[in-house]
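Undergrad: Sharing a model that was predicted from the sequence below.
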Amino acid sequence: MVRLMASTKRYLALAAAAGATSAALLAPAAPAAAAPSCFSYYELTSSTEAVDAEGWAVCYDGTEKPITVNLFRRSPSGVWQQIATGYGYARHACEGTALTSYRVGLKTIQANCG
């Protein structure tokens with residue numbers, strides 16, 4: 001279920017990016033650098049058991065490729081510490097129920113998992 005929702009969100013992000021690119025092509029503009037052919041997409045979810053992170057390169061040709069995922073947890077002193085890594089997917093098993101911040105890419109969530 002989580003992967004299906006993440007896949008749907010990736011397709012919506014790709015469609016939005018493609019629409020913005022199409023609109024930009026219609027407007028006259030000075031020559032610019034070529035747009036990237038792919039962009040990074042991260043998903044971060046939690047349950048009572050774990051925090052899960054996914055990472056994909058979503059490409060404008062419709063393909064997706066897993067990318068390295070580094071999952072971080074914010075310590076009580078405010079320092080981000082890497083707690084899990086993987087290729088396309090990383091998981092951290094909950095160690096308690098304290099409200100804790102987790103981050104992957106630019107996405108951050110708070111979960112009762114610390």
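TA: Received it, and whenever you're ready, just let me know what you need. Numbers count the residues shown, from 1 in each chain.
Undergrad: looking at this, residue 95 is in a strand?
TA: No. Counting by DSSP: H, G, I helix; E, B strand; the rest coil, residue 95 is located in no strand; its state is coil.
Undergrad: if I look at the nearest residue to residue 68 once chain neighbours are set aside, how far off is residue 78?
TA: Spatial nearest neighbour of residue 68, excluding adjacent residues (CB to CB, 6 or more residues apart in numbering): residue 87 at 6.0 Å. Where you see a C-beta, it was placed from the backbone N, CA and C, and this is true even at glycine. For residue 87, the distance to residue 78 under the criterion CB to CB, to the nearest Å works out to 29 Å.
Undergrad: For the two, indicate the residue with more neighbours.
TA: A direct count of neighbours by other CB atoms under 10 Å for residue 87 and residue 78 places residue 87 higher, at 10 against 7.
Undergrad: so who does that one touch?
TA: Contacts of residue 87 were listed using CB atoms under 8 Å, 6 or more residues apart in numbering, and they are 66, 67, 68, 69.
Undergrad: Name all residues that make contact with the closest residue to the last one other than its chain neighbours.
TA: Setting aside the residues directly before and after it, residue 69 is nearest to residue 55 in space (CB to CB, 6+ apart), at 3.9 Å. Contacts for residue 55 (CB under 8 Å, 6+ apart) come out as 40, 41, 42, 43, 66, 67, 68, 69, 88, 89, 104, 105.
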